[in-house]
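Trainee: Okay, predicted coordinates and the sequence, questions at the end:
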Amino acid sequence: MKTYLNFLMKTKWLQTTVMALIPTFIFVLILVISGLKYTQIQSMTFISNFTTSVIFIVVVSFVIVVFRFASLRNPKETDLYYALPIPRKTIYLTHMLFGLIQLLIVWTAMFILGLLSVILLASELYNFGFLIALYFIVIFYSIVLYGISSFLFLRANTIFDGIAFMILFHVLFLFFSLFMVSIQLNVYSIFSFNPFYSLSLFTSYCIYGAAQNTTSFLFAFFQNSMPSLIANTVFFMLFSIFCYLYDYLNIEKVKTEKIGQLSDSLFGYKTYIPLTIIFAIPSMFYIQMIIIWLLVGVFVSAGFIGFFIYRRSAKIKLIDVGIISAATFIGIMLGYAIH
């Protein structure tokens, strides 16, 4: 494993460097431009630009997953990789570990240069302890999200489907969160069912704390959100642990002849498409206008397009029609029941 890891570090150093340079350059440029316009009144606006780094590292984590595991979902490379005199579990662990190392390098470079930019450009003293805390918080949640994303990607049989699975997973949880908001579960639980909820809340808290703008409202909001924040963190942390363990324990069972074929995993099109429709439709019913039926048509059309992509054909099967119809009916009934 050590030899293979050293090989990846030597051959993928340019890839790591580019992934670190591009988001870091854009992030620092944003800070510099905002710093040149900086005034005392805009102090909070200036430091709030630091949230850009968190957004970038989340995007980079998805990119790293694709780079690390694309070779295991490419029919032209899979046989070669699995023919190496290295156990599959070792190949998986090495790529997973190297991806985490890349993630740490990118985030550290972006954070350090961003922090230096803030120190040099700010005309007042910020509470940098909050930003240091943010550095470690982002590392924790990046590891959680990376594990989930790699699990989703490896459920697919092609690179394209792997990317689609990651996107559809987060789209599903977006609409699920909107659905929970629509039934007014808890005003402090907005988007608490989303994988990014805890990270976004901690980021906001650290940014406000760094600007010494920790008002009573911020503390009250953070305190009231604590139950949902803990629940969200524990759930997705446990799910991430499951993802890591599942991939490690089942990598030996992957059938190479399925690579490049239809991706029929339950963590894929067959589940994400109908569930997204079920939660998306009632979450839009608050509009209470005729436009809601236009939105229903959009979701149904998107569902059929999703199955076209899944089948890789414009021919739709009767079971697909049944799934879309049932999901639409359930979504409409939920919408009427709630609103």
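Mentor: Looks like it arrived, so ask away.

Trainee: can you list the weak-confidence ranges in the chain?
Mentor: Low-confidence regions of the chain, defined by pLDDT under 70, span residues 35-46, 79-84, 123-125, 184-191, 212-222, 286-289.

Trainee: Any idea how many residues pack against Val59?
Mentor: 10 (other Cβ atoms under 10 Å). Just so you know, the C-beta spots here come from the backbone N, C-alpha and C atoms, and that holds for glycine as well.

Trainee: cool, and the one 3 residues further on?
Mentor: Neighbour count for Phe62, taken as other Cβ under 10 Å: 19.

Trainee: correct me, but it touches Met166?
Mentor: Yes: Phe62 lies in contact with Met166 (Cβ atoms under 8 Å); the separation is 6.0 Å.

Trainee: Give me the common contacts of these two.
Mentor: Ser149 (Cβ atoms under 8 Å, 6 or more residues apart in numbering).

Trainee: Can I get stretch 10-26 as CSV, trimmed to CA atoms?
Mentor: In CSV, the C-alpha atoms belonging to stretch 10-26 read as follows (Å, rounded to 0.1, in the frame of the first residue of the first chain):
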residue,chain,number,x,y,z
LYS,A,10,4.7,11.1,-7.7
THR,A,11,2.5,10.6,-10.7
LYS,A,12,-0.4,12.8,-9.6
TRP,A,13,1.4,15.8,-8.2
LEU,A,14,0.4,18.0,-11.1
GLN,A,15,-3.2,17.0,-10.7
THR,A,16,-3.0,17.9,-7.0
THR,A,17,-1.2,21.2,-7.7
VAL,A,18,-3.8,22.3,-10.3
MET,A,19,-6.7,21.4,-8.0
ALA,A,20,-5.1,23.5,-5.3
LEU,A,21,-4.1,26.5,-7.4
ILE,A,22,-7.3,27.2,-9.3
PRO,A,23,-9.8,27.5,-6.4
THR,A,24,-7.1,29.2,-4.2
PHE,A,25,-6.3,31.8,-6.8
ILE,A,26,-10.0,32.6,-7.3
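
Trainee: residues in contact with that stretch?
Mentor: Everything outside stretch 10-26 that qualifies as a contact, by Cβ under 8 Å, 6+ apart, is 52-53, 56-57, 59-60, 63-64, 67, 98, 102, 105-106, 109-110, 113-114.

Trainee: Apply 7 Å and report the result again.
Mentor: Residues from elsewhere that reach stretch 10-26, judged by Cβ atoms under 7 Å, 6 or more residues apart in numbering: Phe56, Val60, Val63, Phe67, Gln102, Ile105, Val106, Ala109, Met110, Leu113.

Trainee: Check stretch 59-67 too.
Mentor: 15, 19, 23, 99, 102-103, 106, 142, 145-146, 149-150, 153, 159, 163, 166.

Trainee: try it again with 6 Å
Mentor: With contacts defined as Cβ atoms under 6 Å, 6 or more residues apart in numbering, stretch 59-67 is touched by Met19, Gly99, Gln102, Leu103, Val106, Ser142, Leu145, Tyr146, Ser149, Ser150, Phe153, Met166.

Trainee: Going by neighbour count, which residues in that stretch are buried?
Mentor: Val60, Ser61, Phe62, Val63, Ile64, Val65, Val66, Phe67 (16 or more other Cβ atoms under 10 Å).

Trainee: now swap in stretch 117-127 and tell me
Mentor: Ser117, Val118, Ala122, Tyr126, Asn127.

Trainee: Contact partners for Lys317?
Mentor: With Cβ under 6 Å, 6+ apart, Lys317 has no contacts at all.

Trainee: Dump the buried residues of stretch 117-127 to JSON lines, plus secondary structure and distance to Ser198.
Mentor: JSON lines is the format used below for the buried residues of stretch 117-127 (DSSP: H, G, I helix; E, B strand; the rest coil; distance: Cβ to Cβ, whole Å):
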{"residue": "Ser117", "secondary structure": "helix", "distance to Ser198": "26"}
{"residue": "Val118", "secondary structure": "helix", "distance to Ser198": "24"}
{"residue": "Ala122", "secondary structure": "coil", "distance to Ser198": "28"}
{"residue": "Tyr126", "secondary structure": "coil", "distance to Ser198": "23"}
{"residue": "Asn127", "secondary structure": "coil", "distance to Ser198": "21"}
